[in-house]
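[1] sequence unknown, structure follows:
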Ligand SMILES: Cc1cc2nc3c(=O)[nH]c(=O)nc-3n(C[C@H](O)[C@H](O)[C@H](O)COP(=O)(O)OP(=O)(O)OC[C@H]3O[C@@H](n4cnc5c(N)ncnc54)[C@H](O)[C@@H]3O)c2cc1C
Ligand SMILES: *[C@@H]1O[C@H](CO)[C@@H](O)[C@H](O)[C@H]1NC(C)=O
Ligand SMILES: *[C@@H]1O[C@H](CO)[C@@H](O)[C@H](O)[C@H]1NC(C)=O
Ligand SMILES: *[C@@H]1O[C@H](CO)[C@@H](O)[C@H](O)[C@H]1NC(C)=O
């Protein structure tokens, strides 16, 4: 930690700042009167969350003291992480005067044991640190998210995952075998206590994926594997048989995933398997989208897209998306064979150098010159994300429906290709109550968001139709850390073990001190996670039921979907179909 900040301090002497993201927590006095946001600087409803105070415990003892103090005064609490990477309002404590408990300094590696293959870390440790430390001991966490800036506590809370149908599946929480969690307690217990949850503990399936409502996870023990090598080849194909391929591809390659460019009718199949440790190669993944990027380039790309939006130039987006995709493909998305150069597939290397990336987090350059592409301090990416998983048996029909929509309006999906297409990753059913209920394919769709909440988007009806089709026609379930509000409305009904989860919540935190308006809405306890107001459908805060929810003055009215007639979407009156 200390070492990390040294170069920044040196730079500071020269009056420049490093580009690591800004702290998501701001306080008007040192640790009181605070606000919290996410790493994008905007929640789905664009509100700012208030908190009365923030504490930065450095040990479990300090953590217990913080929880006890807040419990005694019946104050709302919420765990906040160093970067706050969830899009949804999970970081917000209830009310306006809650306590934020940051895990920024709960970031010690506690133990790694090469013979038991167990690793114990404090919950604020980032995925990157877990990967690095495991590798030093000759071990690997087999399946992880692709971005290493997440903390263990945060990624567990939202069920974050990579891509596989092998073993226990792609979600990190399914490799967790021990948890220490600090929860409120009675006065006689001192208002806070540590609960030790081991693999066979009856509460394990609640605590693994908790949306942060059960208490503060202090430590996590992960079951690792011996470090191994992987071999990656990206194969470009047309998408005519994608429905069939997507259903079976996950059973053919351990780490396989797909990037779909629907308007270009192309798919990048990542053929990705474990290989013998004798295989030669020292490949590395430094995904281009997660690199520190020139702010000039970011501003140019953003301005171009804004101008296509302003002039209704969907074709322009299509032209640009072809260029973007071919640049990324040529650059192998940031894969190199030896850490420096890409000379061709396959890229072979140690798992720890390939599984995840995120070098924009520690670039030494001033953030005004280069930053993470979504850094809210600079003019750059600003987007919506719709992310859901669909049971494998429904995947083919869903994909074919999206293809039919694409055929009806061929330019409509070029916008998602500007954000590297639709990322498709395999997820497996889990025992955890709030995790995936069935084996499925997770679709990550990223697309333009205007800085003006009342501005309609080009062809937004098509994406709204896909969103509603995924949820209601194909039973999709949301990623808890991503998505727009409507995706969560009623979603909890898809979780057959929700009662068991709520029972544990009642036992751990009977006064709901770790709950907020948002988590109560999402968990179906009180209220709905939707907001009805003028223009609400433009932001995914509601499904439109009248023109006013869209932008009638700008020619966008509430209409049925083109294919899925039950959908209600904001359609431009000048739309050709
Ligand atoms: C660039 C980028 C790439 C991403 N890639 C992926 C991906 O490949 N796969 C994927 O599945 N997701 C991905 N995500 C989403 C991400 O996994 C989730 O949003 C994740 O939850 C964020 O982790 P965080 O540490 O930032 O936690 P936060 O977003 O800060 O917190 C999430 C929730 O966890 C709670 N929490 C955090 N720590 C604790 C703790 N110690 N005890 C109890 N509760 C706690 C918080 O209170 C909050 O409710 C990505 C996000 C970004 C920004
Ligand atoms: C808290 O901060 C807000 C906005 O930064 C400010 O308007 C308000 O006066 C502050 N309140 C206190 C008690 O400091
Ligand atoms: C690893 O775990 C084993 C079995 O519990 C134990 O005997 C050994 O001492 C541990 N090694 C280290 C380095 O802690
Ligand atoms: C798509 O690719 C397959 C072979 O992979 C080929 O048989 C088929 O003709 C192609 N379809 C189109 C529309 O190009």
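    Yes, it's here. In this text, all values refer to a predicted model and were calculated from it rather than measured experimentally. Ligands and ions are numbered 1, 2, ... in the order given.
[2] list the contacts for the residue of the chain found nearest ligand 1?
    Closest approach between the chain and ligand 1, counting by Cβ to the nearest ligand atom: residue 154, at 2.0 Å. In short, each C-beta sits where N, CA and C put it, glycine included. Taking Cβ atoms under 8 Å, 6 or more residues apart in numbering, we find residue 154 in contact with 81, 85-86, 160, 481.
[3] over to residue 217?
    79, 123, 152-153, 156-157, 179-182, 207, 210.
[4] what is the mean pLDDT for stretch 271-281?
    If you average the pLDDT over stretch 271-281, you get 97.
[5] what is the end-to-end distance of that stretch?
    16 Å (Cα to Cα, to the nearest Å).
[6] helix or strand right after the helix or strand containing residue 327?
    Assigned by DSSP states H and E, residue 327 belongs to helix 314-330. As assigned by DSSP H and E, the chain's next helix or strand after helix 314-330 is strand 335-336.
[7] quick one: mean pLDDT over that following strand.
    98.
[8] now for it, which elements pack on it?
    Under the contact definition 3 or more Cβ pairs under 8 Å, 6 or more residues apart in numbering; DSSP states H and E, strand 335-336 sits against strand 284-285.
[9] hmm, who's touching the strand it packs on?
    By Cβ under 8 Å, 6+ apart, strand 284-285 touches 333-336, 338-339, 347, 349, 353-357.
[10] output the below-cut-off pLDDT ranges for the stretch 1-150 of the chain.
    1-19 (pLDDT under 70).
[11] ok and the residue in it nearest ligand 4?
    residue 146 (26.7 Å).
[12] ok, the residue nearest to that residue when sequence neighbours are not counted - contacts?
    Computed as Cβ to Cβ, 6 or more residues apart in numbering, the closest residue to residue 146 that is not its neighbour in sequence is residue 356, at 5.6 Å. Taking Cβ under 8 Å, 6+ apart, we find residue 356 in contact with 127-128, 131, 144-148, 162, 285.
[13] next, count neighbours for whichever residue of the stretch 101-250 of the chain sits closest to ligand 3.
    Nearest residue of the stretch 101-250 of the chain to ligand 3 (Cβ to the nearest ligand atom) works out as residue 113 at 3.7 Å. Using other Cβ atoms under 10 Å, residue 113 has 12 neighbouring residues.
[14] cool, and residue 505?
    When neighbours are counted by other Cβ under 10 Å, residue 505 comes out with 23.
[15] sorry, back to before: and which of the contacts of strand 284-285 is nearest residue 299?
    Of all the contacts of strand 284-285, residue 299 sits closest to residue 334, with 21.4 Å by Cβ to Cβ.
[16] surely that closest one meets residue 288?
    Yes - counting by Cβ atoms under 8 Å, residue 334 does reach residue 288; the two are 4.3 Å apart.
[17] checking the residue located most distally from the centre of the chain next. Helix, strand or coil?
    Residue farthest from the centre of the chain, counting by Cα atoms, centre = their mean, is residue 188 at 39.6 Å. Reduced to three states with DSSP: H, G, I helix; E, B strand; the rest coil, the structure at residue 188 is helix.
[18] what's the spacing between it and residue 203?
    Separation of residue 188 from residue 203 (Cβ to Cβ, to the nearest Å): 21 Å.
[19] what sits against the residue of the stretch 1-150 of the chain closest to ligand 4?
    Residue 146 makes contacts with 162, 287, 290, 355-357, as judged by Cβ under 8 Å, 6+ apart.
[20] same thing with residue 510?
    So residue 510 contacts residue 184 (Cβ under 8 Å, 6+ apart).
[21] tell me which element it is part of?
    Residue 510 belongs to no helix or strand, assigned by DSSP H and E.
[22] again, but for residue 438
    Counting by DSSP H and E, residue 438 is found in no helix or strand.
[23] that one: neighbour count?
    17.
[24] just the one 4 residues further on next, same as before
    A count of neighbours around residue 442, defined by other Cβ under 10 Å, yields 23.
[25] please name the nearest non-neighbouring residue to it.
    Leaving aside its chain neighbours, residue 442 sits nearest to residue 389 (4.1 Å; criterion: Cβ to Cβ, 6+ apart).
[26] that neighbour against residue 429, yeah?
    No - counting by Cβ under 8 Å, residue 389 sits too far from residue 429 to count as a contact (10.3 Å).
[27] out of the two, which sits in the busier spot?
    Taking other Cβ under 10 Å, residue 389 and residue 429 do not tie; residue 389 has more neighbours (27 against 15).
[28] quick check: neighbours of the strand or helix carrying the more buried one in the sheet, parallel or antiparallel?
    According to DSSP H and E, residue 389 maps onto strand 383-391. When pairing is defined by DSSP bridges, strand 383-391 lines up against strand 440-448 (antiparallel), strand 477-478 (antiparallel).
[29] if we can go back for a sec, want to try JSON lines for the contacts of residue 146, with secondary structure, distance to ligand 3 and pLDDT as columns?
    Putting the contacts of residue 146 into JSON lines (DSSP: H, G, I helix; E, B strand; the rest coil; distance: Cβ to the nearest ligand atom, whole Å; pLDDT from 0 to 100) gives the following:
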{"residue": "162", "secondary structure": "coil", "distance to ligand 3": "27", "pLDDT": "98"}
{"residue": "287", "secondary structure": "coil", "distance to ligand 3": "34", "pLDDT": "98"}
{"residue": "290", "secondary structure": "helix", "distance to ligand 3": "34", "pLDDT": "97"}
{"residue": "355", "secondary structure": "coil", "distance to ligand 3": "24", "pLDDT": "98"}
{"residue": "356", "secondary structure": "coil", "distance to ligand 3": "26", "pLDDT": "98"}
{"residue": "357", "secondary structure": "strand", "distance to ligand 3": "30", "pLDDT": "98"}
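[30] now those residues as a markdown table including distance to residue 467?
    Shown next, in a markdown table, are those (distance: Cβ to Cβ, whole Å):
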| residue | distance to residue 467 |
| --- | --- |
| 162 | 23 |
| 287 | 25 |
| 290 | 25 |
| 355 | 29 |
| 356 | 27 |
| 357 | 28 |
